[in-house]
Structure formats: C-alpha cells, structure tokens
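Visitor: Got a sequence here, can you build the structure:
(chains A and B)
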Protein chains: 2
Amino acid sequence: MAFQPYQASMLALGKAPSVIRETFEYGIRRAAEIGSENVFDFSLGNPSVPAPESVHDSMRRLMEEMDSVQLHGYTSAIGAEPTRAAIAEDINKRFNAGISAQDIYMTCGAAASLTVTLHAILCPGDVCMTFAPFFPEYRVFVESAGAKLIAVPADLAQFQMNLEALTELITPETKAIIINTPNNPTGVVYTEENLNAFCDLMRTKAQEYGHPIYLLADEPYRELIYDDKTVVPYLPNLYDDTFVCYSFSKSLSLPGERIGYIVVSPKMADSRNVYAAICGSGRALGFVCAPSMAQRVVAENLGKTGDLSIYRKNRDLLYQALTDYGYHCIYPDGAFYLWVQALEPDAKAFCQKARDYELLLVPSDSFGCEGYIRIAYCVTTEMIERSLPSFKKLAESYGK
Amino acid sequence: MAFQPYQASMLALGKAPSVIRETFEYGIRRAAEIGSENVFDFSLGNPSVPAPESVHDSMRRLMEEMDSVQLHGYTSAIGAEPTRAAIAEDINKRFNAGISAQDIYMTCGAAASLTVTLHAILCPGDVCMTFAPFFPEYRVFVESAGAKLIAVPADLAQFQMNLEALTELITPETKAIIINTPNNPTGVVYTEENLNAFCDLMRTKAQEYGHPIYLLADEPYRELIYDDKTVVPYLPNLYDDTFVCYSFSKSLSLPGERIGYIVVSPKMADSRNVYAAICGSGRALGFVCAPSMAQRVVAENLGKTGDLSIYRKNRDLLYQALTDYGYHCIYPDGAFYLWVQALEPDAKAFCQKARDYELLLVPSDSFGCEGYIRIAYCVTTEMIERSLPSFKKLAESYGK
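Guide: Now for the predicted structure:
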C-alpha cells in the first residue's frame, strides 16, 4: 500500500461539509450583506440563555477562597471525589437510583462521555445502533471506535423509538444502543410506555444472544422539559446495563466549558471492570481529567439551570404560529428544537428556498431521515417574532 | 471469537498500576500514619506555584465584561479566532516563525495535543519513535492510535538524543518521532548541536524513504528553563514537518484546566490537508472545542508565568545537596525533575529502600530506562530542606 501522509478517514471528517456549520457560516456572510437583524438563523444548538448567576458566584468564590494550586491542579483522572459524591447524592435524591461516587467518571462534556464509553466497550465487528433521526456525530464517534453504526428508521407518526424496525434489524453483533431523550433533532420525549417496551425488548434480545446489550443514554437535554406532566424516567432504574452520558452544557448554559460525566450503573454486569475500561479509554484518548475549576463549579450548582422559561416561550410561539401557517410540526416536549415537515419532499431544496426569505433551517437528511427540517429555537424571542412573516410567506409560496 | 464485554486493552490500561500514581497513593496513606510533615513525596509532576494573579484578573474581568452566552458558548472547533491570532503573534515575536492563526488548533492540553495529532497522522503499520527515557503515556497514545511505539535507548552519558541508536533502529515504517525538551523525566535540555544533527538525520531518512517523517515537539516545559544561556530553538524553524504540541499547564500553573494547542507548521508538505486531518481527529475523539473561558484567559496571559524562580531554587538546592552526599545527578537545565542514578542496579528496590527514610521517589523503569530515579521537585522548598537528612542517611546506608 502506498504511503499515507495522514489518516484518510480523519481528513474526510475534517473536510466534511457539515450542513449545520455550512448554514451557520452562510448566515454570517448574509448578515454582513443585509444586516444581522434581517437574517433569521435557526441552525445552531448553542444555548441562548446566560448561565445562572450562581455559576459566576461560585467561580469568584473559588478563586478567592481556594488555593490556586489545588483549584487549577490536576484532579484524579476520574474526577474530584467531592464533585462525584455531590453528583451521586443529587441523582439519588432525584431518582432514588443507588449511584455512588465510584460509579461516576467526570468528562469534558457529552461528546467525550460518548467517545470514552464507546472506545471502552466497542470491539472490531461490533454494531452500535441508534434511532433515526439522530445527532449525526453518533456515526463519527462509533466509527472512530472501530465499530459500525446501524440506524433504526424513524417512526414517522410519533417520532418515538421505532421498536418494530429495531426488532427486525437487531442482530447478535449489536453491543450497544444510543438513545437520546429529550431528542435532538425532534424535541420529542420518549414516553414511559415506549421506554419500557424498549427495555423489555433489549432484555429479551440480550438473553437470546447470551451477552449484554448496553444502553447509552445521551442526556444533555434532561432538564430542558417544558410540560409538568412530562417525565423522563432515569434509565438505570429501568435497565441494568445502562451508561448515562451527561453534560452540563445545556442545563447550566456552559457548552464551551466542556464539563459532563458518565454514570456506569452499579447494576451492570461486571460494572467495576467496565468502569476500569472507561478509565483506560479516557486515558488512551488523552483526556487526563475534566476541567478542574468547572468540576468544582458544577458540584455547587446541581439542580440549578439558566432561565429555561425563555425556551418554553419560544417553543410555544413558534409551534403555534407555524401550525397556524399550515406547517406540520411535531410537538416538542423538550430540548430546544422544532421538527417540521418540509413543504416539498426534498428537504434540502426546501431549505434552499427558505433562504429566499432569510430563514436558515437545517434539512433532516444529515439526521438520517428525509423530508423534515430542524429549527433550533435557542435564539431570542424577539428574533422569532420578527421571523414569523417570513415563515408565513414561505408557506404561502407553497400554496398554504 | 467469544463475546468481549469491553475492550481488553482499555481494561488493562484502566487497571494498570501506574508506579507514579501508586507511589502518590502510598504517600497519602503514610502521611495519615506518621503525619504529612514526615513524608517526602517527590512523585508527581503537579506544578506547585500558583497561577500568576493576572490569570484570575482575566477571569474576573471576562465574567464582568463579556456576555455569558459568548464567554461560555462553543467556540469554533479549531478554537476562537482571537486566541489563535494572539498565540500566532506571540510565537512570531519570540521565534520569527511565520505562523498564522490558521496553523493553530486549540486543544484540551498537551495529552490532547498528542492524541489528536497521532490519530490524525498514524495509520495501521506505522511506527512512531521516541527517545528513552520518555513519558510513559507516549506508548499509550501511540498504541491507541493503532500504531507501534519504538523507543530509542538512552544516551547514558548525557541523556541527549541518542542519534547513533536512532540510525540503527529507524525504518521506512517510521512516520513520526516524538521529542520532549526540556525533558520529562531527566530535566535535560537538548543542545542545539544535538537538535541540528537530529533534524539532519530526519531529513536524510525522509529523503531515503521517499516520505515525510513528522516531528512532534512535546513542549509543556518550554518556559521552565533555569539558565540564561540555555536556549530551546523553535522546532518549526529547524525542521519543516513539525507539529508543536503545547500546553499552558506548567507555564501558567493550570494543569487541571486542560488548555493547550497544536501548531501545524505551514512549511510542512500538504499542511492544509494535514491541518484538516487534525480537525477530523479532534472531532472523532470527541473534543468539540477547548474550554472556552480558558481560551480567552490564555490569550491575555501569553508570555506570563507563575513564579518559576521557586523551581530554580529547588533545583539548585537539591542538585547541590545530593551531589555532595555522593549521588550521581544529571544536571537539569529545565522542567522540574531531577534524574539520579540509583545506588543499586535495581531502581525499584532502591525506591523501596528509600521509603524506609520516608522518601517517595519514582523508579526509572516505567520511563524505558533502568537504574535511575526521578525526583519531581515541584514541591515546597521547605519540604526539600526537611528531606535532606533522609537523602543523606539513604546514601550512607549504601556506604557513601
């Protein structure tokens, strides 16, 4: 084989045009042309509410009171013990889940929670499944861990997990399934009924295949739920072989600070060895430890959030208006995304047309599902209000 | 093949007893028994001087003046443009190196700088070399990128790079060589003569093999140099196919905050594609972006350091005293390590004996070199003073 100056797969990833990123960059160029007040950019899932003031209070106090060498020094690779203990206590208070500090591994955010877990458990030949539509980086993370991603086609009626399709596609090679509720990109929260049926199916298949099938619960949106009646059960309480991959990015509006954690359920078979493999994986990938000051800050701000009522207001406004204009919107219980059927079969063409009205939307193809668009409503309410006439005209141009 | 519940290699890494960590843990237990003032722990390379006060000033001002959503939001995956521009300007001011913002990729510290680079360039079958004694994680990082590490035996006379041994061991499979100056574990700074001869040899071999051989300059200790006459040339000025893997951990005493960068030399063949592969690799490993507030903080503190004079004082004190007691010490120009010949051939046995005198030292075996010990002198000067009678008694017990 000829000399390869670099990994072809890494080059491809580095050069791959991410539709989300491309849309965002177009928005910047367009804003320079016609003024940012005239461009309605709904492309990025970047929290738009400030971190709670208590986060800055914690930072200031830690700088004042804690020795600099301690505050900014390495923590243990698994994370500072007081932080892990505080998180475990908070989880148990909320979910009665029997988690201890030793089951928690602090990470540099949700992406790291996923890659560290996947590199710990996946071996060549393994399959990791997920449900369409899905966060496109899942494929990148699974493939970089040397395994294959298989996406279960979407349930186009409700956008719950499509268990019929899962039953058809699952094989003994399936080692893990990633689920994400509240969901990016749909905003849908899986019902308890759907989750319970899913866990039953996983248990049946694990028994049939004679090996565990791990559940990776990707949970950055857990706290972003807008209806009191909506409940997201704690997955380790429903299914033993569960990893919770959490991030404080959305709840505390700290996405750039890269802070999250993995819970390795103590009910998992061989959980101490699995935890050790997580430690090895974090070490091999070069994570060393999660950012040290952020570890202390989140421990002091458990249960706090930014002002999430803004997202709720945005959701209500947008869902109602777009439905009135004749769009078919999936009702989102959580996260900050609205999932809308495109007004023509080709979502990319639809998004291109939306640009005529200065609306920057993301077509659904990159999420493994055709014919929809994702609207990230983590923007100002005022921008949504100004954008509504454009959504109306866009619908009218399709005869709505 | 039987079902593997997790990656055996990751489990092994997670369970591997790190001698450094084991020594450190022993120190904690021992301190509980006899009082921390009676235990002399020289095991860990954790900076012992506070971050410069300007670091906290920057943090406080950024919290005051910058919008929270901006300050703590995602930056571009490659890092915030103003930070990259400021770093490039600082590099050019100091080294006249012709680096631009687009050649810099911000990372979560030196370990991430190395893993992201190695995963970008190494392919199965490739060899990455380094010089013994070496930081043991190099092996972990290279092997996790799917390649093989070959360590060049130490130059036991000077602990410079052993170019004779390199000439014997290098093969066409060699794609990269990691060098580390000032060096962990020896504290030695490679001479300009040694570096120039090394670069000449690399160029000759690259031409002979018909492909580039990349140089990875692992530079967390660049600013930790104690003699005015000592110079560490900027590697991209000496050798075109160079990556600089930098971290602010030691210079700004922020090891836990995980902030560093990679320079992809613009003189490298095909450098824009190599940079794109770095982007793909960071994405695949789950890094997303370097911590956002820290990116802003380091940009405002380039050229600043903690009070490094403490390390110099510690070095002088320890080197002089141990030499007086009859130890053979390698004179360290930089970093914060003293490399000392064990007083018996088996360094592990020697370190065990040192524990009788409450001295916690790290044997050299894990650094790929036998018969030495590493003393991390990033501790208080006062602890070194109190430890000297123990070093004296230990030497006397060997008849010195």
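Visitor: only C-alpha atoms for contact and neighbour calcs from this point on.
Guide: Will do.
Visitor: Lowest mean pLDDT among the helices and strands of chain A, which one is it?
Guide: Within chain A, no helix or strand scores below helix A:19-34, which has a mean of 88 by mean pLDDT, DSSP states H and E.
Visitor: Pull the distance from that helix to the chain's centre.
Guide: Computed by Cα atoms, centre = their mean, to the nearest Å, the chain-centroid distance of helix A:19-34 equals 23 Å.
Visitor: Can you give me the buried ones in that helix?
Guide: Within helix A:19-34, the residues scored as buried using 16 or more other Cα atoms under 10 Å in any protein chain shown are A:19-20, A:23-24, A:27, A:30-31.
Visitor: And stretch A:153-164, by the same measure?
Guide: Neighbour counts over stretch A:153-164 (16+ other Cα under 10 Å) mark A:153-155, A:159-163 as buried.
Visitor: follow-up on the earlier one: so which of the buried residues of helix A:19-34 is the closest to chain B?
Guide: Chain B lies nearest to residue A:24 out of the buried residues of helix A:19-34, by Cα to the nearest Cα, at 11.3 Å.
Visitor: Confirm for me that that closest one is in contact with residue A:39.
Guide: No - assessed by Cα atoms under 8 Å, residue A:24 is found out of contact with residue A:39, at 10.9 Å.
Visitor: what residues are shared contacts of these two?
Guide: Taking Cα atoms under 8 Å, 6 or more residues apart in numbering or on different chains as the contact rule, the neighbours common to residue A:24 and residue A:39 are residue A:360.
Visitor: for residue A:398, phi and psi?
Guide: Dihedral pair for residue A:398: phi -100, psi 10, per degrees, to the nearest 10.
Visitor: Show the contacting residues for it.
Guide: Going by Cα under 8 Å, 6+ apart, residue A:398 touches residue A:343.
Visitor: if we go to 6 Å?
Guide: Applying Cα atoms under 6 Å, 6 or more residues apart in numbering or on different chains, we find residue A:398 in contact with no residue.
Visitor: where does it land on pLDDT?
Guide: Looking at residue A:398, its pLDDT stands at 97.
Visitor: what does residue A:189 give?
Guide: For residue A:189, the pLDDT comes out at 96.
Visitor: which SSE is it in?
Guide: Using DSSP states H and E, residue A:189 sits in no helix or strand.
Visitor: count of neighbours near it?
Guide: The burial count assigned to residue A:189 is 26, neighbours taken as other Cα atoms under 10 Å in any protein chain shown.
Visitor: right, and it touches residue A:195 too?
Guide: No - at 10.0 Å, residue A:189 and residue A:195 do not qualify as touching, with contact defined as Cα atoms under 6 Å.
Visitor: thinking again about what came up before, in helices only, show me the buried residues of stretch A:153-164.
Guide: Counting by DSSP state H, these place residue A:163 in helices.
Visitor: out of the buried residues of stretch A:153-164, who's near chain B?
Guide: Counting by Cα under 6 Å from any Cα of the partner chain, the subset of those that neighbours chain B is empty.
Visitor: Next, format the buried residues of stretch A:153-164 as a markdown table and append distance to residue B:113 and pLDDT.
Guide: Below are these laid out as a markdown table (distance: Cα to Cα, whole Å; pLDDT from 0 to 100):
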| residue | distance to residue B:113 | pLDDT |
| --- | --- | --- |
| A:153 | 38 | 97 |
| A:154 | 38 | 97 |
| A:155 | 41 | 96 |
| A:159 | 40 | 97 |
| A:160 | 40 | 98 |
| A:161 | 38 | 98 |
| A:162 | 40 | 98 |
| A:163 | 42 | 98 |
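Visitor: For chain A, give me the ranges with low pLDDT.
Guide: For chain A, the stretches with pLDDT under 70 are A:1, A:17.
Visitor: which residues of it fall in strands?
Guide: Remark: strands assigned in chain A by DSSP state E are A:40-41, A:104-107, A:127-131, A:148-152, A:174-179, A:214-218, A:242-247, A:260-264, A:329-330, A:337-341, A:359-360, A:362-363, A:372-376.
Visitor: okay, the ones you listed, which one's buried deepest?
Guide: Greatest average neighbour count among those goes to strand A:362-363 (a mean of 30), per mean count of other Cα atoms under 10 Å in any protein chain shown.
Visitor: Cross-check the contact I'm expecting between residue A:173 and residue A:127.
Guide: Yes - counting by Cα under 6 Å, residue A:173 does reach residue A:127; the two are 5.5 Å apart.
Visitor: residues near residue A:229, how many?
Guide: The number of residues packed around residue A:229, counting by other Cα under 10 Å, is 7.
Visitor: For it, grab phi and psi.
Guide: Residue A:229 has phi and psi values of phi -80, psi -20 when expressed as degrees, to the nearest 10.
Visitor: what's the spacing between it and chain B?
Guide: Computed as Cα to the nearest Cα, to the nearest Å, the residue A:229 to chain B distance reads 30 Å.
Visitor: same deal with residue A:341?
Guide: Distance, residue A:341 to chain B, using Cα to the nearest Cα: 28 Å.
Visitor: tell me which residues form a beta bridge with that residue?
Guide: On the basis of DSSP bridges, residue A:341 is bridged to residue A:372.
Visitor: Residue A:372 is in contact with that one, correct?
Guide: Yes - counting by Cα under 6 Å, residue A:341 does reach residue A:372; the two are 4.3 Å apart.
Visitor: And residue A:103, how close does it get to chain B?
Guide: Distance from residue A:103 to chain B, by Cα to the nearest Cα: 14 Å.
Visitor: let me redo that: residue A:65
Guide: To chain B, residue A:65 is 12 Å away according to Cα to the nearest Cα.
Visitor: Near that residue, how many other residues are there?
Guide: Neighbours of residue A:65 under the rule other Cα under 10 Å: 9.
Visitor: Now do the same contact list for the residue nearest in space to the middle of chain A.
Guide: The centroid of chain A falls nearest to residue A:220 when counting by Cα atoms, centre = their mean (5.1 Å). Taking Cα under 6 Å, 6+ apart, we find residue A:220 in contact with A:246-247.
Visitor: what does chain A have sitting close to chain B?
Guide: Counting by Cα under 6 Å from any Cα, chain A sits next to chain B at A:6-7, A:10-11, A:13-14, A:50, A:68-69, A:72-74, A:111-112, A:115, A:120-121, A:140-141, A:144, A:254-258, A:276-277, A:279-281, A:284, A:286, A:291-292.
Visitor: hey, where'd the helices end up in the stretch 1-150 of chain A?
Guide: Per DSSP state H, counting those that start in this stretch, the stretch 1-150 of chain A carries helices over the ranges A:8-15, A:19-34, A:53-65, A:68-71, A:81-95, A:110-121, A:137-144.
Visitor: quick one: the last one to chain centroid distance?
Guide: In this view, helix A:137-144 has its centroid 13 Å away from the chain centroid, taken as Cα atoms, centre = their mean.
Visitor: contact partners of it?
Guide: Applying Cα under 6 Å, 6+ apart, the external contacts of helix A:137-144 come out as A:115, A:149, B:284.
Visitor: switch to 10 Å and redo it
Guide: Defining contact as Cα atoms under 10 Å, 6 or more residues apart in numbering or on different chains, one finds that helix A:137-144 is touched by A:9-10, A:13, A:111-112, A:114-116, A:118-119, A:122, A:124, A:126-130, A:145, A:147-151, A:178, A:366-367, B:119, B:280-281, B:283-286.
Visitor: Compute the distance between residue A:326 and residue A:80, please.
Guide: Applying Cα to Cα, to the nearest Å, the value for residue A:326 to residue A:80 is 52 Å.
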